[in-house]
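**Q** Model the following, please.
(chains A, B, C and D)
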4 protein chains.
Amino acid sequence: MKKLRGIIPPMITPLKGNDELDREGAVRLVEHMLKGGVHALFILGTTGEAQSLTYNLRYEFVELVLKQVAGRVPVLVGVTDTSLDESVRLAEHAKQCGAEGVVAAAPYYFAASQQELIEYYTALADALPLPLYLYNMPSHVKVFLEAKTVAVLADHPNIVGLKDSSANMNYFETLIYLLGDREDFSLYVGPEELTGECVLMGADGGVNGGANMFPELYVEMFNAAEAGDLKRVRELQHRIMQISGSIYTVGKYGSSYLKGVKCSLSLLGICDDYLSWPYRKFRAEEREKIRKALEALGCSCVE
Amino acid sequence: MKKLRGIIPPMITPLKGNDELDREGAVRLVEHMLKGGVHALFILGTTGEAQSLTYNLRYEFVELVLKQVAGRVPVLVGVTDTSLDESVRLAEHAKQCGAEGVVAAAPYYFAASQQELIEYYTALADALPLPLYLYNMPSHVKVFLEAKTVAVLADHPNIVGLKDSSANMNYFETLIYLLGDREDFSLYVGPEELTGECVLMGADGGVNGGANMFPELYVEMFNAAEAGDLKRVRELQHRIMQISGSIYTVGKYGSSYLKGVKCSLSLLGICDDYLSWPYRKFRAEEREKIRKALEALGCSCVE
Amino acid sequence: MKKLRGIIPPMITPLKGNDELDREGAVRLVEHMLKGGVHALFILGTTGEAQSLTYNLRYEFVELVLKQVAGRVPVLVGVTDTSLDESVRLAEHAKQCGAEGVVAAAPYYFAASQQELIEYYTALADALPLPLYLYNMPSHVKVFLEAKTVAVLADHPNIVGLKDSSANMNYFETLIYLLGDREDFSLYVGPEELTGECVLMGADGGVNGGANMFPELYVEMFNAAEAGDLKRVRELQHRIMQISGSIYTVGKYGSSYLKGVKCSLSLLGICDDYLSWPYRKFRAEEREKIRKALEALGCSCVE
Amino acid sequence: MKKLRGIIPPMITPLKGNDELDREGAVRLVEHMLKGGVHALFILGTTGEAQSLTYNLRYEFVELVLKQVAGRVPVLVGVTDTSLDESVRLAEHAKQCGAEGVVAAAPYYFAASQQELIEYYTALADALPLPLYLYNMPSHVKVFLEAKTVAVLADHPNIVGLKDSSANMNYFETLIYLLGDREDFSLYVGPEELTGECVLMGADGGVNGGANMFPELYVEMFNAAEAGDLKRVRELQHRIMQISGSIYTVGKYGSSYLKGVKCSLSLLGICDDYLSWPYRKFRAEEREKIRKALEALGCSCVE
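**A** This is a model prediction of the structure:
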């Protein structure tokens, strides 16, 4: 298997209401991102609100996306769960639908020690029918996949990469140092604000939420960094920071990022902005701020 | 509805293996606790490893316990979930099986703000077919149900109490101050080390894991504290601290408590000590330490 | 040396301005507390803003208080510092002025491991010219003095007690279990909301900030709990919670407690409410809320 | 005033024993770093163990270093303190000795809110006789200098830059976005593992502890990144990660970094490895590991 490199958007899950997919929106969003040149898709991650959805809806969404993508790019499916068996069950469904791999953060109710994480991920990778990408997401799962733990797990034949959303670059540089030369292990960065420098320093790509809205921008950043075009990297970085600073910071809570992405996609006419519990979509006032931010970025809003 | 008062053990979920109940063990454990005089049971909580179990197994366990209890004491069912709809679905099953109420900690993947928690719990309580007990469990769910939030939610007609596992007594005293006089709202304390003093100060009871093994002890503590028998409270407290200090502290990880309880129940001949992922049961060395601790407590181990 | 038992107010440091004591206010405050029957005084603790003061001012304050108290009650002096030698130097001054003991939280810039804390406190206790009380204050110093660490240190002949401000009652119950019977080691609780129950369960007293304003109340609580008068404990607890809920919760920051205490003392005509950096005293709006809270408690404000 | 750019080592404080400088070692270390081409020095920071030293020793060290440097490079002095007046007093001494600027992290006993930090730093910068560099060090001072706070403070005429030791690159990229174009405000990164990429993305330099031992290496990294020589950056990065991974990770505690730096300097014959409380220097076993790590890096150890 060849390494997957490039921009892999963590796709949002378009919803019309409680436990109801916005199927048309999902189709439009897939096409929007593929048209933008993304190298793969990652569904049912944090940005996909996976944990907030019923299992039935998650299964339905896997089917819908894989059918729509129809092999044009690889699709990775998030199977992060507190129950190992539920992770495996969802992975089997993902495989049947044609997914290329699965992604799993650590169990997020009980905090496991590093030794317990090694045992857990080994058991999971043994049981999974698809290659596994680790997902370091300490703010949400409470535990940090330490670099030494990742180095041990990287030797498992069915563990093929890691996405890091910690924003801790000491950690990511340590991973590049330990694993950057491996042909069978990929390193992706979550926060889009870091994709440029991470690729400059040796990362394989970015799993960047902003690519739901602006897929070309992040693809161009990946390409510029791959080519070592520092001047272009800095120009694109400025635009990426403008998005981050104006779209993800409306409202005062930790949910601003998710609300901002869904609200933007709604204003751009791509899909509904319904959010699953415990979050609610932006009200008129915040929506107006997002509209202005999009317009300042040169976008045309459809409503 | 009359307030539920007393000792409500958070029952462990006896397992034989991955995704397989120890049904005989579960029956023995129910009888052991009822014989010990407990006032109710709480299943599928943290001590019940609910989040680590598949949904199928959770549903099966609800049925099994409620059938075995057969109305002798009230049974509360944990429906804590990251998906509101899955919580409601499990609650409907619990109601059909005869449960008296449900218990829910905050969603534990996305951290919600206090305002979002109020909206979330209101929507949940509106949708649930059974009375809801709030569950403050910040170490596992990352958010704290602040006293002001609880005070707002306590006015919802379908929210009838709270279990606090924070061990923060400033918080619990604030709840007693704000809500202790309410006839329609109960306050329970999680950590068994605090049941004595909490009941002395006005709490309604304890949801104490040690009551899986030693139900009489915690029932006697509740009665002594209710009666204001300070001398007896201090004597019983000494024994409770001895259990806590010798059974829950073997091994070096946060999982010591759960492993200690299950290992003890196995040594006492009540049920299997299999633990669901990401935890593994104690190996021979730690098991030997638990055996010695039980013997020091005057227990006869069956193996 | 006989154990010190009872209410030991952590005295605020009355200030007129930056690096300037309110000497008259300090004298009035000492007399106010002694008149209220407190069993000892603790100066230069957290409530005393010690870390925010220059060393010169700290030395001056030690002299002033000890001269004013003139042996009527024991005085403990906070020597918490990031430099061991500065702690010792201040302790020598405290001894010369007539202090009975010193109090030290862990060094608060570098976080030390439990083993390092044992070595540090041993070296400190060896070097100090006065008996040392440990001070567990994890929210401010980032490290927790674990129960096992305290048990080791309690065997040092010059370490004679501990004040716990963690509000974690599992921890405090563990300390009572391990050390409650020792004639040469005292256990005090910091948060005044917990003094009643802690003394009921075996603690030696409370180091309660509210005793700056209402010394009789906390002394009465100590006496009621000592006597096992549960009914009176609950009545007093209600009043203590009313103070806590109305005086320490004005404003939105962590500094509300300190600002509330100093503002109250100013409104009661005892001393100035200047706060040292990084905090500022309440402005008119918050001051008005404190005034109303004091009036609701039956106090007469002088301005 | 022209911006200070390049490598500014946070100099360790060579000690012979408790409260006793290793004056000869300090002279050798200054000369070692200047010979290595560093652009400035920063003394009495975290790496300098400032908080663990008595004030007398801090004053003595400022005098010693400034006399030795004698204007060859600018010297910045850490004045981080919990007492604003002590910060100002030390800054006055630093100015008299010839320092170019001072550095201050937030007060580290009381946690201040962002609004309180703005007021605190404004008052500090008003009172200081030298330009002030902010220092974001959340792991040690408990508060984060948020990007918005920094942007406000950057408008103060006496606040001229910031050193960030958070390792959070989302934060640092936000600072570059907001302040990177300012001619009167500098941005430095603390962790040496990030100097390469930070300078590539627009930072002004690194305050890197490893430059105590290997000044040329970090200077070369700065130059390569300035020149956009990506190939060389990646080569140097590999060596920097090797140092980080072998010298700073011996022992199991958070103090490994400091112990590793001092032990290395001792093995290289530059200065004593005494550490101030609460830390102790490495014992023979760990020292041996450091020796092997240095030899693997091609260094000759003198003992």
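**Q** Ignoring the adjacent residues along the chain, who's closest to A:N18?
**A** B:D85 (6.6 Å; C-beta to C-beta, 6 or more residues apart in numbering or on different chains). For glycine as for every other residue, the C-beta is placed from the backbone atoms N, C-alpha and C.
**Q** After the strand or helix carrying that neighbour, heading C-terminal, what element do we hit next?
**A** Take DSSP states H and E as the rule and B:D85 turns out to sit in helix B:84-97. Proceeding N to C from helix B:84-97, the next assigned helix or strand is strand B:101-105, under DSSP H and E.
**Q** Residue of the stretch 51-200 of chain A nearest chain D, please.
**A** Nearest residue of the stretch 51-200 of chain A to chain D, counting by C-beta to the nearest C-beta: A:Y177, 3.8 Å away.
**Q** my guess is that residue meets D:R234, correct?
**A** No: contact criterion C-beta atoms under 8 Å: A:Y177 and D:R234 do not qualify, at 10.7 Å.
**Q** who touches the residue nearest to A:N18 in this structure?
**A** Applying C-beta atoms under 8 Å, 6 or more residues apart in numbering or on different chains to B:D85 gives the contacts A:N18, A:D19, A:T54.
**Q** Next, report how far the helix or strand containing A:R291 is displaced from the centre of its chain.
**A** Element membership for A:R291, per DSSP H and E: helix A:284-296. Centroid separation for helix A:284-296 versus its chain: 24 Å, with C-alpha atoms, centre = their mean, to the nearest Å.
**Q** Also stretch A:129-147?
**A** 12 Å.
**Q** And for stretch A:224-231?
**A** 23 Å.
**Q** again, but for stretch A:293-300
**A** Remark: stretch A:293-300 is offset 24 Å from the chain centroid, using C-alpha atoms, centre = their mean.
**Q** Report the buried residues of it.
**A** Applying a neighbour-count criterion of 16 or more other C-beta atoms under 10 Å in any protein chain shown, one finds A:A293, A:L294, A:L297 buried in stretch A:293-300.
**Q** I'd say A:A224 and A:Q237 touch.
**A** No: A:A224 is beyond contact range of A:Q237, at 9.5 Å (criterion: C-beta under 8 Å).
**Q** Looking at these two, which has the bigger crowd around it?
**A** A:Q237 (25 against 21; other C-beta atoms under 10 Å in any protein chain shown).
**Q** Export the helix or strand where the more buried one lies to PDB, keeping only CA atoms.
**A** Using DSSP H and E, A:Q237 maps to helix A:230-247. The C-alpha atoms that make up helix A:230-247 are tabulated as PDB, following Å, rounded to 0.1, in the frame of the first residue of the first chain:
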ATOM      1  CA  LEU A 230       8.400  29.500   1.000                       C
ATOM      2  CA  LYS A 231       7.100  32.800  -0.400                       C
ATOM      3  CA  ARG A 232       3.800  31.100  -1.500                       C
ATOM      4  CA  VAL A 233       3.600  29.300   1.800                       C
ATOM      5  CA  ARG A 234       3.600  32.500   3.700                       C
ATOM      6  CA  GLU A 235       1.000  34.100   1.400                       C
ATOM      7  CA  LEU A 236      -1.300  31.200   1.800                       C
ATOM      8  CA  GLN A 237      -0.700  31.100   5.500                       C
ATOM      9  CA  HIS A 238      -1.900  34.600   5.800                       C
ATOM     10  CA  ARG A 239      -5.200  33.700   4.200                       C
ATOM     11  CA  ILE A 240      -5.600  30.500   6.300                       C
ATOM     12  CA  MET A 241      -5.100  32.600   9.400                       C
ATOM     13  CA  GLN A 242      -7.700  35.000   8.200                       C
ATOM     14  CA  ILE A 243     -10.200  32.200   7.900                       C
ATOM     15  CA  SER A 244      -9.200  30.800  11.300                       C
ATOM     16  CA  GLY A 245      -9.400  34.200  12.900                       C
ATOM     17  CA  SER A 246     -12.800  35.300  11.500                       C
ATOM     18  CA  ILE A 247     -14.800  32.100  10.900                       C
END
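**Q** Can you spell out which helices and strands pack onto whichever helix or strand A:L29 is part of?
**A** Using DSSP H and E, A:L29 falls within helix A:23-35. Other elements packing on helix A:23-35 under the criterion 3 or more C-beta pairs under 8 Å, 6 or more residues apart in numbering or on different chains; DSSP states H and E are helix A:55-69, helix A:215-226.
**Q** Show me how far the first one is from its chain's centre.
**A** Averaging C-alpha coordinates over helix A:55-69 and over its chain gives two centres that are 16 Å apart (C-alpha atoms, centre = their mean).
**Q** what does the last one give?
**A** Mean C-alpha position of helix A:215-226 versus that of the full chain (C-alpha atoms, centre = their mean) differs by 16 Å.
**Q** Contact residues of chain A facing chain D?
**A** When proximity is defined as C-beta under 8 Å from any C-beta of the partner chain, chain A approaches chain D at A:167-171, A:173-174, A:176-177, A:191, A:193-194, A:196-197, A:200-202, A:228, A:230, A:233-234, A:237-238, A:241-242, A:244-245.
**Q** hang on, the earlier thing: let me know the pLDDT of the residue nearest to A:N18.
**A** On pLDDT, B:D85 comes in at 98.
**Q** do the same with A:G254
**A** So A:G254 comes in at 74 (pLDDT).
**Q** now that we're looking at it, how far away is A:T46 from it?
**A** For A:G254, the distance to A:T46 equals 11 Å [C-beta to C-beta, to the nearest Å].
**Q** coming back round to it: quick check: angle from the helix holding A:L29 to helix A:215-226?
**A** 30 degrees (axes from the mean of the first three to the mean of the last three C-alpha atoms, to 10 degrees).
**Q** How far away from the center of its chain is helix A:23-35?
**A** 16 Å.
**Q** Report the mean confidence score over that helix.
**A** Computed over helix A:23-35, the average pLDDT equals 98.
**Q** Identify all contacting residues around that helix.
**A** Contacts for helix A:23-35 (C-beta under 8 Å, 6+ apart): A:9, A:11-14, A:16, A:41, A:61, A:64-65, A:68-69, A:72-73, A:211-212, A:215, A:265, A:270-272.
**Q** mind checking the SS state of A:Y279?
**A** Of the three states, A:Y279 takes coil according to DSSP: H, G, I helix; E, B strand; the rest coil.
**Q** quick one, what contacts the closest residue to it other than its chain neighbours?
**A** Spatially, and ignoring its direct neighbours in sequence, A:Y279 is nearest to A:S255 (4.7 Å; C-beta to C-beta, 6+ apart). Counting by C-beta under 8 Å, 6+ apart, A:S255 makes contact with A:L275, A:Y279, B:F110, B:A112, B:S113, B:E116.
**Q** low pLDDT regions in chain A?
**A** A:1 (pLDDT under 70).
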